[in-house]
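Asker: For reference, the sequence and a predicted model appear below.
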Amino acid sequence: MATVWIPPLMRSLTQGQEKVEVPGETVLALIQAIDGRYPGFAARVLQDGELKPGLSVAVDGVVSPKGVRERVRADSEVHIVPAMSGGESALG
Amino acid sequence: MGANPKLDPIRGEGSGNGSRPQPSYKVIGTRPIRPDGVDKVTGRALYGADVRFPDLLHGKVLRSPHARARIRSIDTSQAEALPGVKAVVTGADLPTAEDRFEDLGEGGINLRYLSENVLAHGRVLYHGHPVAAVAAVSPHIAEEALSLIQVDYEVLPPVMTLEEAMAEDAPILLEELRTDEMGERGNRPTNVAAHFRYELGNVEEGFAQADLVVEREFRTQTVHQGYIEPQMATALYDQDGQITIWTSTQGSFSVRSQVAEILQIPVSRIRVVPMEIGGGFGGKITVYLEPVAVLLSRKAGYRPVKLVMSRAEVLMATGPTSGSRIRMKMGATRDGRIVAAEAELVYEAGAFPGSPVGSGAVVLLAPYNIPNVRIDGYDVVVNRPRASAYRAPGGTNAAFASESVVDELARKLGLDPLEFRLKNGAKEGDRMANGLPHPKIGYLETVEAIRNSEHYNAPLEGRGRGRGRGVASGYWGNWGGKSSATAVLNADGTVTLNEASTDIGGTRASIAMQFAESLGIPYEKVKIRVVDTDCVSYNDVTGGSRTTFGTGLAAYELGQKMKAAMIQRLADIWGVSPEEVVYEEMVFSAGENRVTFDEAAKLIERRSTPVMVEAEVYGKKYGPAFSTQCVDVEVDVETGKVTILRYTIAQDAGKAIHPAYVEGQMQGGVAQGVGWALNEEYVYDREGHLLNASLLDYRMPTALDLPMIETLIVEVPNPGHPYGVRGVGEVNIVPPAAALANAIYDAIGVRMTELPMNPARLLEAILAKQAQESTQPA
């Protein structure tokens, strides 16, 4: 199962969990799986089926231009992080 | 990893960090002359202000004299009636922009705010905010027309500082603004546009383990990128609805997108011609004049209109980057391990949301492996120009705070500051504050390069008695982005390479060199051109230190494709399979068939189909960059003046394609950082008027203020690039302010926590220290 790191300001939704392991082949599927366990998570993160403005997602250390459509592996590490544009990304 | 005395700082070999053996290159690593060099030194290169047409009109912009006001009405009738005036536009001429975020490449903005920043819509939010524009047959008539425009303002009290903006009873700049907290929107009007938090481990438990805790608050002022060429734009709106824009920009496609969104015109009707650029540093991505020029051209009867900013306009209304307030707390154990860090970063966004506080928060502690971290970031609007990207946006502010505290911890623990960094330095796999693990990085190698340098090991006479030495490190994540390019084989054996990345710092050369290396031909055979938006597919901006990496990837791919295409054509001509064709040392052969590269080009043109290849890339595995710097200063305790005696920078370039241009970036970043640290700041009066909108009063460093900046290129290859390239443009500006503050402390024992450390501020701190010492019992 992929591991999703929950941003600190969203951990009230996941009962304080820093990381959540959930099944899924895309970021969207992971978010929906978390929402199944912690209702309200998807509404916090998604808007019209996309990540809300101000949020972006990094899969295995790479910020994904595909957003929630990015595919993940079973051992992927997924981070939801504040959105920063290209030169400001500084995410490594 | 620990220290490695065998490190070769120039190559990064033997670093123990998994550096692979350096391949042997023929072109990469050499120092050829840049393709645009002769034109630039002889004055033939064409910049935006050089654009001329027989029926050209001249535009001027009317700007707000107030920092904050409502616009009750604008009467343009007298201006329109002035002979020679051909068009007047205001915010009413702009379509209603969408309330949607647009990524500009090195910073993003809500389109509604982008439009409002181009021409005010009912309110002005900073001194110099554009209110109206005129096109006339001469610049003088346009200026006279501006004086005839009547604007009725309801002047409001400005909000100039972070404290004023965050006060409970603060006047609200943007009535519609609510705080965004990672996707959750607040429910009351505010000047705090965003709040986020990074957290790792347990900070409280971490500080409980610490034997020593240092906590300080730091402040930095609003500063400008200081590019020498002012913004300009010329636009022609044709009768058939086609638009051409000539401009100075870091990204022609970004200009096209912004103009299309603001004016709600399809991108297919807009062609952007990038002129040579006289500096950008992040400040030439956002559009200011381009949509105005297009509006004026259409309204003036489809005549070309040119607008060129004055220096005062540049300083008042473009750029700058954020002033900030940073509270930094860090704890370490007696044996020199940093066990906890906590920080609050508050950045000015200017009039509209979008400060670089997010990247500042990542930069803050990225050089260190700290198990317990909490960082809060706040993006706050104030009545200053909207902040735009500036070389490693947000990074210099952040490193000033964190690297000053790291220095203080090392001193109080009695440790050498570089040994302290080596002990706590990040390496591959260590997590940053945002939780992401570092990929392969070369931070420790930059520290070792300085530790092993002649500079760091040389004695400094008078040290601690007015002279001091300081070090600091910095991180920048870099970027990859999208690039496309084409290459055409010419019959004489040369290749024309068309790309669309604005050439900043010699990127034509670094891209052409990678193509030449990939194809196995000399650099001199590549004719590289930066073309307009109709000639190649989309390219991201030259920003985020991405071009030599990202467009370089495209160049590498073009070289491989052209080689394959030539082999295919020759195989057809010779009647052999492509697998039988061998290409070595610029000679193609298959059995008894043998032609040189030049002969092959001629043969292919005569007997086969032309060769043109294209490449489209999306570089995602950009390697982060680190820099460690060392500076010696002399402080005049009578005047507060700081003289830089010696400066050395080490920086991980991954692989330096053109070492001279890498060194140029390193030196340029340090020079800008020195200005930011020692002199530069926006000075406003209480009413929000910018008082120093000229380069006489906004003091940037000159050659007389700087010694020769010594460079040490470290090469820890980025595995995400065929030649190991990492971006080199930005990280160099991150450490200078902290390095200078640490050197000043070393010289006179005064810890500076506010930028700029100009004579007035430093003298005040010196006198305060003397007063404190005089009251202490002997």
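Answerer: Received the coordinates, thanks.
Asker: Of all residues in chain A, which one is nearest the centre?
Answerer: Per Cα atoms, centre = their mean, the C-alpha nearest to the average position across chain A is that of A:Ile80, at 4.1 Å.
Asker: wait, what's in contact with it?
Answerer: Contacts for A:Ile80 (Cβ atoms under 8 Å, 6 or more residues apart in numbering or on different chains) come out as A:4-7, A:10, A:45, A:51, A:55-57, B:182. C-beta here means a position set from N, CA and C on the backbone, and glycine is covered the same way.
Asker: what do you get if the cut-off is 10 Å, keeping everything else the same?
Answerer: A:4-7, A:10, A:27, A:30-31, A:41, A:44-45, A:51, A:55-58, B:182-183, B:435 (Cβ atoms under 10 Å, 6 or more residues apart in numbering or on different chains).
Asker: tell me the mean pLDDT over the strand or helix carrying it?
Answerer: Using DSSP states H and E, A:Ile80 maps to strand A:77-82. When pLDDT is averaged over strand A:77-82, the result is 93.
Asker: got it, and stretch B:763-776?
Answerer: For stretch B:763-776, the mean pLDDT works out to 93.
Asker: mind checking the SS state of the residue in the stretch 201-350 of chain B positioned nearest to chain A?
Answerer: Nearest to chain A, among the residues of the stretch 201-350 of chain B, is B:Gly282, at 6.7 Å (Cβ to the nearest Cβ). Assigned state for B:Gly282: coil (three-state reduction, DSSP: H, G, I helix; E, B strand; the rest coil).
Asker: hmm, back to that, buried by neighbour count, from the contacts of A:Ile80: which ones?
Answerer: Buried subset of the contacts of A:Ile80 (neighbour count, 16 or more other Cβ atoms under 10 Å in any protein chain shown): A:4-7, A:10, A:27, A:30-31, A:41, A:44-45, A:51, A:55-58, B:182-183, B:435.
Asker: Quick check: chain neighbours aside, which residue is closest to the closest residue to chain A within the stretch 651-778 of chain B?
Answerer: At 7.5 Å from chain A, B:Glu730 is the closest residue in the stretch 651-778 of chain B, using Cβ to the nearest Cβ. Nearest residue to B:Glu730, sequence neighbours excluded (Cβ to Cβ, 6 or more residues apart in numbering or on different chains): B:Ala392, at 3.8 Å.
Asker: quick one, what contacts that neighbour?
Answerer: Each residue near B:Ala392 by Cβ under 10 Å, 6+ apart is listed here: A:87-88, A:90, B:281-282, B:321, B:356, B:359-360, B:363, B:398-399, B:474-478, B:544-545, B:625, B:627, B:669, B:672-673, B:729-734.
Asker: Now with 8 Å, please.
Answerer: Neighbouring residues of B:Ala392 by Cβ under 8 Å, 6+ apart: A:90, B:359, B:363, B:474, B:476, B:669, B:730-731, B:733-734.
Asker: what pLDDT does it get?
Answerer: pLDDT at B:Ala392 comes out at 97.
Asker: ditto for the one 10 residues further on
Answerer: The pLDDT attached to B:Ser402 in the predicted structure is 98.
Asker: Count residues in the vicinity of it, would you?
Answerer: Other residues lying near B:Ser402 total 26 when counted by other Cβ atoms under 10 Å in any protein chain shown.
Asker: With adjacent residues omitted, what lies nearest to it?
Answerer: B:Leu364 (4.9 Å).
Asker: Determine how far the strand or helix carrying the one you found lies from the middle of the whole chain.
Answerer: Using DSSP H and E, the element containing B:Leu364 is helix B:357-365. Helix B:357-365 sits 15 Å away from the centroid of its parent chain (Cα atoms, centre = their mean, to the nearest Å).
Asker: same check, this time on stretch B:598-608
Answerer: Centre-to-centre, stretch B:598-608 and its host chain are 44 Å apart (Cα atoms, centre = their mean).
Asker: residue farthest from the centroid of chain B?
Answerer: B:Glu592 (53.9 Å).
Asker: Could you measure from that one over to chain A?
Answerer: 49 Å (Cβ to the nearest Cβ, to the nearest Å).
Asker: Pull up the per-residue confidence for that residue.
Answerer: Reported pLDDT for B:Glu592: 97.
Asker: what's the answer for B:Thr190, then?
Answerer: The pLDDT attached to B:Thr190 in the predicted structure is 98.
Asker: Please tell me I have it right and it contacts B:Leu173.
Answerer: No - in this structure B:Thr190 lies outside contact range of B:Leu173 using Cβ atoms under 8 Å: 9.6 Å.
Asker: quick one: strands adjacent to the strand holding A:Ile80?
Answerer: Strands that pair with strand A:77-82, judged by DSSP bridges, come out as strand A:2-5 (parallel), strand A:55-59 (antiparallel).
Asker: quick revisit: out of the contacts of B:Ala392, flag the one nearest to B:Ala512.
Answerer: B:Glu730 (22.3 Å; Cβ to Cβ).
Asker: how many other residues sit next to that closest one?
Answerer: Neighbours of B:Glu730 under the rule other Cβ under 10 Å: 32.
Asker: returning to what we had before: can you count the residues close to the residue of the stretch 201-350 of chain B closest to chain A?
Answerer: The number of residues near B:Gly282, taken as other Cβ under 10 Å, comes to 29.
Asker: thought it was touching B:Thr542?
Answerer: No - B:Gly282 is beyond contact range of B:Thr542, at 10.0 Å (criterion: Cβ under 8 Å).
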